[in-house]
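Student: From the sequence below, what's the structure:
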Amino acid sequence: MTIKEVEEKTGLARSNIRFYEKERLICPKRNEHNQYREYSEADVEALKKIAYLRTLGLPVEEIRGIISGEIGLKGAVERQVKILDQQINDLKNARRLCEKMSQDQSLTYASLVVERYVNDLDQYWKSNEKMLGMDAFRFVSLWGGRLAWLAMLAISFLIAVIAYPKLPSEIPIQYSAGMAVSTADKLAIFAYPGGCLVVRPLFKIIFRWKMGLKYGRVNGMIADYLTNSLCFILLSAEIFCLLFMGGYVKNAGLMFALDGFILMGGMVIGLRKKS
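Tutor: Just a heads-up that it's a prediction; the model follows:
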């Protein structure tokens, strides 16, 4: 079947079907002659199951685990019932408070006094820590985003292009005790942006697969954060290589320790605010 026929059979939009393919939830075969995707009845049934589980709120990572057999469907559904019950309670409570506030005809932001609606403020913050925690994770989300990755990739490539004509024929790639112990052709300077180009798609799959199955929903965001962090380390290595050749720095360990401090510091701050 063509994707148009699959759309008609499943009732799903083409964008949904492509997304599930991108996430490797289905893997249709390709025609050897024209390389077009050819969908089978099994693909159609899989798409219906996947879309149905998504409507129940199951995350893509969990559905992937269910398909592979690493997660049992019954257990996943039972966990989802508990999650939905909590969400229903949260929504009912929010609706009750909104109704109470709407009864005040003169309500404005300036006149709002939270204690009129919430008796125990500390307990209220604790009961809504998930919502507040997402605000704390905004930095993690931004850092792990595609724009941050594209920015690092562009900077790394630009540095390589500008530096290449001025480089000696051999550049250092390994260091020890303030000295270069291994060198390579100066074209190796392009290995840093090349690494950034490869690291994100490759490690994104690995991190999301391993962490998402074990820890749950938020870890897609954390996996992206870690993936972009690897790209940041590659960018730092490229900058260190140039600074080392210029005689400005000697200790690679110190620079990478600083990278770790910056990256882990951002994660720790987010986790502390979330908790």
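Student: out of all of them, which helix in the protein is the longest?
Tutor: If each helix of the chain is counted by residues according to DSSP state H, the longest one is helix 73-102.
Student: by contact count, what packs against that one?
Tutor: Counting contacts by 3 or more C-beta pairs under 8 Å, 6 or more residues apart in numbering; DSSP states H and E, helix 73-102 is packed against helix 60-68. In short, each C-beta sits where N, CA and C put it, glycine included.
Student: Show me what the helix it packs on packs onto, helices and strands only.
Tutor: helix 41-55, helix 73-102, helix 191-215, helix 219-245.
Student: about what we covered before: mind listing residues that contact the very next helix or strand once past the longest helix of the chain?
Tutor: Per DSSP states H and E, the first helix or strand lying C-terminal to helix 73-102 is helix 121-127. Helix 121-127 is contacted by residues D90, N93, V114, E115, V118, L132 when judged by C-beta atoms under 8 Å, 6 or more residues apart in numbering.
Student: One more pass at 6 Å, please.
Tutor: Identification of contacts with helix 121-127 by C-beta atoms under 6 Å, 6 or more residues apart in numbering yields V118.
Student: next one: the longest helix of the chain to chain centre, how far?
Tutor: Its chain's C-alpha centre and that of helix 73-102 lie 25 Å apart, by C-alpha atoms, centre = their mean, to the nearest Å.
Student: Buried residues, that helix. List them.
Tutor: By 16 or more other C-beta atoms under 10 Å, the buried positions in helix 73-102 come out as L73, A76, Q80.
Student: Show the pLDDT at the first one.
Tutor: At L73 the predicted local distance difference test score is 95.
Student: residue contacts, it?
Tutor: With C-beta under 6 Å, 6+ apart, L73 has these contacts: I66.
Student: any low-confidence regions in the chain?
Tutor: Residue ranges of the chain with pLDDT under 70: 129-141, 208-221, 265-275.
Student: Restricting to C-alpha, output stretch 114-134 in CSV.
Tutor: Backbone C-alpha positions of stretch 114-134 (Å, rounded to 0.1, in the frame of the first residue of the first chain) are rendered in CSV as follows:
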residue,chain,number,x,y,z
VAL,A,114,-3.8,33.6,46.9
GLU,A,115,-4.5,32.8,50.6
ARG,A,116,-8.2,33.5,50.0
TYR,A,117,-8.4,30.4,47.9
VAL,A,118,-5.6,28.2,49.4
ASN,A,119,-5.6,27.5,53.1
ASP,A,120,-2.3,25.6,53.3
LEU,A,121,0.1,27.3,50.9
ASP,A,122,3.0,24.9,51.5
GLN,A,123,0.9,21.8,50.9
TYR,A,124,-0.6,23.4,47.8
TRP,A,125,2.9,24.0,46.3
LYS,A,126,3.8,20.3,47.1
SER,A,127,0.6,19.0,45.5
ASN,A,128,1.4,21.0,42.3
GLU,A,129,5.1,20.3,42.2
LYS,A,130,4.9,18.5,38.8
MET,A,131,3.5,21.7,37.2
LEU,A,132,6.0,23.9,38.9
GLY,A,133,8.8,21.5,38.2
MET,A,134,8.3,21.9,34.5
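Student: rewinding a little: which of the helices and strands packed on helix 60-68 sits closest to E62?
Tutor: Among these, the nearest to E62 by C-beta to C-beta is helix 73-102 (5.8 Å).
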